[in-house]
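[1] Compute the structure for the input listed below.
(one chain, ligands or ions: 1)
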Amino acid sequence: MTEILAVCRHVGRAFSGGGESRVSVLNDISCEIREGARIALTGPSGSGKTTLLHILGGLDRPTNGTVEWPGLGPAERLRPRMIGAVFQSPSLFPALTVAENVDLPAVLADEDLPPDYSRDLLSRFELGELADKMPEELSGGQAQRVAMVRALALRPKLVLADEPTGQLDGVTAQFFMDAVLDYLANTSAALIVATHDQAVAARMATRWTMDHGQFRCGQPVLEPA
Ligand SMILES: Nc1ncnc2c1ncn2[C@@H]1O[C@H](COP(=O)(O)OP(=O)(O)OP(=O)(O)O)[C@@H](O)[C@H]1O
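    Below you'll find the model as predicted:
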């Protein structure tokens, strides 16, 4: 049986809607992510995909229910070693070069990597020529791919990617996803990709579709705890 990396039980998330009101964004979400999972998280804008990824990554807390990471160790030490995450807003540090940005998880995790590790990694994703550039010199799609490479740098056990190909043309998106899936092949890492790109979603073995803060009927199966 594969290990459970993360599990949500009856998770809800509500935000203040101004004044006394509360807006419920996630409702009664139960799911588990096992080693080796390849999950596409799809659904209309505003259906709660990003909010769920934040909770699975430990960046936000549910207002109802629980999230646990049985296969990833203590909750306060999930990132960047255990969970690699990339979100939609630009996240590269503007004062660091691309290669230094990719080195950052290792610096934060106090981990020694070989001297050319980040350059070699960037080259593997055909981004090697960007290594010495500053983030401001990159296109949106280049920055997005560099952020994804950075999320993968420490070979985390769970990778959360929010629209990782949102700024890429279809051909480049497929090429990049090929490289990501190849990098994760033969590892036990799980990958969850929130995407509106049906071609990207089709690359994943499992699809979870969200609607108004819930999984569409019958998804996903949660084995009894
Ligand atoms: N911090 C917040 N405060 C208030 N409302 C929020 C907050 N974060 C998200 N929301 C709301 O929660 C809902 C779900 O947002 P979320 O970003 O999770 O959707 P999504 O499915 O990822 O959308 P998209 O596909 O457009 O990225 C939206 O209505 C959004 O306005």
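
[2] And the strands in this protein?
    For the chain, the strands defined by DSSP state E occupy 4-16, 22-34, 38-42, 64-68, 83-86, 158-162, 190-194, 206-211, 214-215.

[3] burial count for the closest residue to residue 66 other than its chain neighbours?
    Spatial nearest neighbour of residue 66, chain neighbours left out: residue 9 (5.0 Å); criterion: Cβ to Cβ, 6 or more residues apart in numbering. Backbone N, C-alpha and C define where each C-beta goes, glycine included. Residue 9 has 17 neighbours, counted by other Cβ atoms under 10 Å.

[4] Give me the local confidence score for the most centrally placed residue in the chain.
    Centrality entry for the chain: nearest residue to the mean C-alpha point is residue 160, 1.4 Å, by Cα atoms, centre = their mean. The model reports residue 160 with a pLDDT of 97.

[5] what does this protein put close to the ligand?
    Residues of the chain lying close to the ligand (Cβ under 6 Å from any ligand atom) are 15, 23, 25, 43, 45-51.

[6] From the chain's centroid, how far away is stretch 13-32?
    Remark: stretch 13-32 is offset 21 Å from the chain centroid, using Cα atoms, centre = their mean, to the nearest Å.

[7] That should have said stretch 3-11, apologies.
    The chain centre lies 15 Å from the centre of stretch 3-11; the measure is Cα atoms, centre = their mean.

[8] Please export the C-alpha coordinates of it as CSV.
    Taking only C-alpha atoms (Å, rounded to 0.1, in the frame of the first residue of the first chain), the coordinates of stretch 3-11 have been written out as CSV:
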residue,chain,number,x,y,z
GLU,A,3,1.9,6.0,1.9
ILE,A,4,-0.6,8.8,2.4
LEU,A,5,1.3,12.1,2.1
ALA,A,6,-1.6,14.4,2.9
VAL,A,7,-5.2,14.0,4.0
CYS,A,8,-8.0,16.5,4.3
ARG,A,9,-11.1,15.5,6.3
HIS,A,10,-14.2,17.6,6.0
VAL,A,11,-12.2,20.7,5.3
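
[9] now what about it, what contacts it?
    Here stretch 3-11 makes contact (Cβ atoms under 8 Å, 6 or more residues apart in numbering) with 26, 28-35, 37, 52, 55-56, 62, 64-72, 157-158, 188, 190, 222, 225.

[10] List only those of these flagged as buried.
    Neighbour-count burial (16 or more other Cβ atoms under 10 Å) applied to the contacts of stretch 3-11 gives 26, 29-35, 37, 52, 55-56, 62, 65, 67, 69, 71-72, 157-158, 190.

[11] now the lengthiest helix in the chain, how far from the chain's geometric center?
    Secondary structure of the chain per DSSP state H: the longest helix is helix 170-184. Mean C-alpha position of helix 170-184 versus that of the full chain (Cα atoms, centre = their mean) differs by 15 Å.

[12] on that earlier part again, pull the most distant pair out of the residues of the chain next to the ligand.
    15 and 43 (18.0 Å; Cβ to Cβ).

[13] out of these two, which sits in the busier spot?
    Between residue 15 and residue 43, counting by other Cβ under 10 Å, residue 43 is the more crowded of the two (22 against 12).
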